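Asker: show me how the following folds:
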Amino acid sequence: MATRPHWRFEDLEVWQLARDLAVEFHRVAERLEGKRLYRYAEQLRGAGLSLTNNIAEGSGSTHRQEFIQFLNIARRSLFEDVSMVLVFEKLKLIEVAEVDRLLELGDELSRKLTNFSRSL
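Answerer: Residues are numbered from 1 along each chain as shown. Predicted structure coming up:
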């Protein structure tokens with residue numbers, strides 16, 4: 001079996017954290033679909049994938065400033081996801097303990113994205 005290509009962004013801690021958080025948002029979205037809340041699920045899933053996609057896309061840039069811009073877009077997508085999670089909590093669609101965990105992971109990722117951007 002051939003070795004598959006390895007992409008630069010796979011080594012980035014911010015991408016790994018974003019991937020893990022995107023998976024968590026996807027799991028929440030699956031439960032929302034089970035309640036026939038398809039639009040909520042689609043929005044949550046899309047913003048979650050935007051996290052990883054923008055980090056990956058930015059890492060392919062040859063310009064530092066462009067990479068920083070993509071990291072900023074990823075961070076804004078994270079804020080979008082967090083906002084939805086807080087609304088879903090208020091609607092009692094997500095348990096408080098899960099919201100707390102997602103907010104902690106989101107806060108960690110937000111801080112790391114900011115620090116990573118500043119280090120470039």
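Asker: I'd say Glu66 and Gly58 touch.
Answerer: Yes - using C-beta atoms under 8 Å, Glu66 is in contact with Gly58, at 6.8 Å. C-beta here means a position set from N, CA and C on the backbone, and glycine is covered the same way.
Asker: which one's more surrounded, those two?
Answerer: Taking other C-beta atoms under 10 Å, Glu66 and Gly58 do not tie; Gly58 has more neighbours (24 against 13).
Asker: okay, the more buried one and Val28: tell me how far apart.
Answerer: According to C-beta to C-beta, to the nearest Å, Gly58 and Val28 sit 25 Å apart.
Asker: and His6, helix, strand or coil?
Answerer: Following DSSP: H, G, I helix; E, B strand; the rest coil, His6 is assigned to coil.
Asker: ditto for the one 4 residues further on
Answerer: Using three-state DSSP, the secondary structure recorded for Glu10 is helix.
Asker: and it, how far is that from Ser59?
Answerer: Shown here: Glu10 relative to Ser59, a distance of 9 Å by C-beta to C-beta.
Asker: Ala47 is in contact with Ser77, correct?
Answerer: Yes - under the criterion of C-beta under 8 Å, Ser77 makes contact with Ala47 at 4.8 Å.
Asker: any idea how far the helix ranked longest in the chain is from the chain center?
Answerer: The single longest helix within the chain, with elements called by DSSP state H, is helix 64-90. From the chain centre to the centre of helix 64-90 is a distance of 7 Å (C-alpha atoms, centre = their mean, to the nearest Å).
Asker: now do stretch 50-70
Answerer: Offset of stretch 50-70 from its chain centre (C-alpha atoms, centre = their mean): 14 Å.
Asker: and what of stretch 102-111?
Answerer: Chain-centre distance of stretch 102-111: 10 Å, with C-alpha atoms, centre = their mean.
Asker: residues touching that stretch, excluding its own?
Answerer: 14, 17-18, 20-21, 24-25, 28, 51, 75, 78-79, 81-82, 85, 94 (C-beta atoms under 8 Å, 6 or more residues apart in numbering).
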